[in-house]
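A.B. asks: Got a sequence here, can you model it:
(one chain, ligands or ions: 1)
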Amino acid sequence: MSVVVLDFGSQYTRLIARRVRELGAYSVILPGTASVEQIERENPSALIFSGSPYSVFEEGAPVPDSRLYALNLPILGICYGMQLLAKQFGGQVCDAGTRSYGADELVSHDGELFDALRGALPVWMSHASSVESLPQGWKILATTQHNPHAAIASPDGLYVGVQFHPEVVHTPSGGQVLSNFLSMHAISRDWTAERNLDQMIRELRQSVADASVVLGVSGGVDSSALALLLARAGISHRAVFVDHGLLRAREREDVEASLKPLGVSLITVDASERFLTALRGVVDPEEKRKTIGKLFVDVFREEAAKAGSCRFLAQGTLYPDVIESAGGEGAANIKSHHNVGGLPDELGFELIEPFRRFFKDEVREIAALLGLPDEVRLRHPFPGPGLAVRILGEITPERVDIVRRADDIFISTLHEFDVYHDAWQALAVLTPIRSVGVAGDERKYGSVIALRAVTSVDAMTADWARLPHHVLDRAAQRITREIPEVGRVVYDITSKPPGTIEWE
Ligand code: XMP
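C.D. replies: Purely as a prediction, here's the structure:
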């Protein structure tokens, strides 16, 4: 059974689905206009209507399949979703005149949806229209000082709507509200990492049986967890780790040390010479990515061919990739990255993608059960093309070495001051700029290293991390002292947008 989240284009749709899963119920996301047949295929136990950048009375505003009400499923409408419910059952929705955005407070609330909650409740609002009058027989469940319809319910309680966003952290009791909705309709809560791991192992043993599997390991949490999963399921496999010479300091050793003892058949291919030769003279970022991507496929193909009888290729595809490739209202603003591990179909394998139903956090939990050490499991994301996209201009072994050492000093400084996990990702960039400085009594003309640390949820947007000055100071001092080629260190304070996380 699943809670189907219908996506009308809200930036928070994924968050809704994740919150429901955190409460132990399985959720899936479908486009808001999905047909009843599509919805039924997911074996739904309840529906959630998401918010939307549209107003319900705007031309082109997305509407759900009108036949879905005949399914007689509980529905929770959030923001636009609540206004849809009100409008479709004969209530009135009007332009509120001004946009209500930010913190507000429920001054009164009542009913099972607010069970276990007492007193005034802070909530997060983000809407331009409001429900003016309720459909016949509908009830008010909550009010704010200015909005008498902050939460509403149909006469039989099957449909409820909230004007605020229970899914965001700025609504501290939002989790309880969502949990109450699940409890009101006895929705099963059996979505746990342990159960999912057992089920994946069972399914893998069934679908792969005695055949053999090949997979690419990048050192990231997804592919490492995948390799461990195959090992745990007792499936014969060949995990290929291509060292393209653009890895972080000690990365190769760390990956080998964390996977081999847990039974992964890891084959490390040292192809650094080949990559660095192919990259000689390449300065355009896209060309760098293409060169690396193509060569990665070549190397992987050669290794896979050596494996001989492999029938399956395992990939660490995650649920967000599945949502993106399916499209839908919310998909328009999503930028996709091609990991160098993203291999083309013509490799001639059948694909298995055990993580296609999971979000990254869920894979991290599964990885913990599989014994992946925290240093790998909770490590900042690292791009497939590696340090290549952090070296502006030409890639030479000397320049790789400079950026690798700078990255290592920056990251170990974050660990030293225990702020590594305050940043979602942190990195060092070697710029093509040289600047004048003094070293001792001499004039020095050295390279400029840019440090970047960001906070983010899913890399779609990011803000620069407000790292303490003494941490930045320590990193800058060590980098200029320990890397003689570097004369100056700067800190990047650009958010995304307009910047991106990487510099190339
Ligand atoms: P940007 O720079 O677009 O990066 O803000 C967002 C996230 O994606 C990572 N990234 C990549 N990952 N191949 C990858 O596998 C790539 O070509 C690539 N480019 C960027 C980046 O490190 C950040 O986590």
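A.B. asks: Find the closest residue to the ligand in the stretch 151-300 of the chain.
C.D. replies: R289 (5.2 Å; CB to the nearest ligand atom). C-beta coordinates here come from the backbone N, C-alpha and C atoms, glycine included.
A.B. asks: Which of the three states applies to that residue?
C.D. replies: When classified by DSSP: H, G, I helix; E, B strand; the rest coil, R289 comes out as helix.
A.B. asks: Show the pLDDT at it.
C.D. replies: Here, the pLDDT recorded for R289 equals 94.
A.B. asks: Leaving out the residues flanking it, which one is nearest to it?
C.D. replies: Among residues not flanking R289 along the chain, P385 sits closest, at 5.3 Å (CB to CB, 6 or more residues apart in numbering).
A.B. asks: How about the contacts made by the one you found?
C.D. replies: L246, K288, R289, I292, G293, V340 (CB atoms under 8 Å, 6 or more residues apart in numbering).
A.B. asks: which parts of the lowest-mean-pLDDT helix or strand in the chain are buried?
C.D. replies: Within the chain, confidence by mean pLDDT, DSSP states H and E is lowest for helix 319-326 among all helices and strands, at a mean of 78. Across helix 319-326, burial judged by 16 or more other CB atoms under 10 Å covers Y319, P320, D321, V322, I323.
A.B. asks: residues of the helix or strand that it is followed by that come out buried?
C.D. replies: The first helix or strand that comes after helix 319-326 along the chain, using DSSP states H and E, is strand 350-352. Neighbour counts using 16+ other CB under 10 Å place I352 of strand 350-352 among the buried residues.
A.B. asks: related to what we said a few turns ago, please produce a markdown table containing the buried residues of helix 319-326, extended by distance to the ligand.
C.D. replies: Shown next, in a markdown table, are these (distance: CB to the nearest ligand atom, whole Å):
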| residue | distance to the ligand |
| --- | --- |
| Y319 | 17 |
| P320 | 12 |
| D321 | 12 |
| V322 | 17 |
| I323 | 17 |
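A.B. asks: picking up where we left off before, what about the residue of the stretch 151-300 of the chain closest to the ligand, how many neighbours?
C.D. replies: Residues contacting R289 under the criterion other CB atoms under 10 Å number 20.
A.B. asks: do the same with I78
C.D. replies: I78: 29 surrounding residues under other CB under 10 Å.
A.B. asks: residues contacting it?
C.D. replies: I78 makes contact with S10, I16, I48, F49, S50, G51, G161, V162, H165, P166, E167 under the criterion CB under 8 Å, 6+ apart.
A.B. asks: Would you mind putting those into TSV with neighbour count and distance to L467 alongside?
C.D. replies: Below are the contacts of I78 laid out as TSV (neighbours: other CB atoms under 10 Å; distance: CB to CB, whole Å):
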residue	neighbour count	distance to L467
S10	26	31
I16	29	31
I48	26	37
F49	28	40
S50	30	34
G51	25	33
G161	29	41
V162	27	37
H165	23	29
P166	26	32
E167	26	28
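A.B. asks: In helices, which of these appear?
C.D. replies: Using DSSP state H, the members of the contacts of I78 that fall within helices are I16.
A.B. asks: Look over the contacts of I78 and name the one with the lowest pLDDT score.
C.D. replies: Lowest confidence among the contacts of I78: S10, with 92.
A.B. asks: Thanks again, I'm all set now.
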